[in-house]
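*Asks:* give me coordinates for this.
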Amino acid sequence: MTLKNVISVLAISCSLAIATVSCKSKVSDADLKSRIESIVTSTPGVTVDVKEGVVTLSGTVNSEAEREAIENSAKAVDSKNIKSVVNNITVNAPTVEINTDDADLAAKVVDATKDFPTVKATVKDGIITVTGTLEQSRVQVLKQSLDALSPKKVDIAAIEIK
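*Replies:* Next comes the predicted model:
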C-alpha cells in the first residue's frame, strides 16, 4: 500500500468511528424526569426538573439524611445520561416543644438550633434537652449556642455523634 492509500483508509476509519459514537441514542429529558419522579413520589413536596441532562431537585424534607437519599437515588437512575444533579431541597427547621412557662426560652432555642437541622430541642422547666444526630465538630458549637441562652441546664446526652 502506498502512503496515499494508508492515509485515505485512516481518514475513512476515523470518520466511521466518530459517526458511530455520535449516533448513540440518548435518553430524553422527559424520560429521565419521569424515571426520577417515580422514585421521589414517596416524598410529597419534592419536585424534579430536567434540562439537557441536568437534574434539579426542589422542595422540602424533614431531615438532611432524606435530602441526601433523594439526591443519591436521582443520580443512580441513569449515571450515563445524567450530567449532574442540583439539589435545591431544603430541610424543615427542627421542631421545639413549647411549655408556656418556657415560651421565651423556647423561642430563643428555635433560633439557636436553626443551623442544626438534624437535632430536636425541647424546653421544659428551664432545661433544654437535645436529641438527634450531629457531627462531632459541631457539638461544641451547638452546646455553646444553647449555654448562651442561660437555661437551668443543657442536656445533650441523647445526641448521636456521627
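
*Asks:* point out where this protein drops to low pLDDT.
*Replies:* For the chain, applying pLDDT under 70 flags the ranges 1-25, 95-101.

*Asks:* that one: helices as residue ranges?
*Replies:* For the chain, the helices defined by DSSP state H cover 3-22, 29-40, 64-77, 103-112, 136-147.

*Asks:* okay, now T41: neighbour count?
*Replies:* Neighbours of T41 under the rule other CB atoms under 10 Å: 10. In short, each C-beta sits where N, CA and C put it, glycine included.

*Asks:* with V40 instead?
*Replies:* V40: 20 surrounding residues under other CB under 10 Å.

*Asks:* mind putting the helices of the chain into a markdown table with distance to A158?
*Replies:* Formatted as a markdown table, the helices of the chain follow (distance: least, CB to CB, whole Å):
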| stretch | distance to A158 |
| --- | --- |
| helix 3-22 | 56 |
| helix 29-40 | 31 |
| helix 64-77 | 17 |
| helix 103-112 | 15 |
| helix 136-147 | 12 |
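
*Asks:* of those, which is nearest T90?
*Replies:* For those, the distance to T90 is smallest for helix 64-77, at 8.0 Å, taking CB to CB.

*Asks:* kindly format the C-alpha coordinates of that closest one as PDB.
*Replies:* This file holds the C-alpha atoms of helix 64-77, laid out as PDB (Å, rounded to 0.1, in the frame of the first residue of the first chain):
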ATOM      1  CA  GLU A  64     -30.600  16.000  55.900                       C
ATOM      2  CA  ALA A  65     -30.500  12.200  55.500                       C
ATOM      3  CA  GLU A  66     -33.700  12.300  53.500                       C
ATOM      4  CA  ARG A  67     -32.300  15.100  51.300                       C
ATOM      5  CA  GLU A  68     -29.100  13.200  50.600                       C
ATOM      6  CA  ALA A  69     -31.000   9.900  49.900                       C
ATOM      7  CA  ILE A  70     -33.200  11.600  47.300                       C
ATOM      8  CA  GLU A  71     -30.100  13.100  45.600                       C
ATOM      9  CA  ASN A  72     -28.300   9.800  45.600                       C
ATOM     10  CA  SER A  73     -31.400   8.000  44.200                       C
ATOM     11  CA  ALA A  74     -31.700  10.500  41.400                       C
ATOM     12  CA  LYS A  75     -28.000  10.100  40.500                       C
ATOM     13  CA  ALA A  76     -28.400   6.300  40.400                       C
ATOM     14  CA  VAL A  77     -31.300   6.400  37.900                       C
END
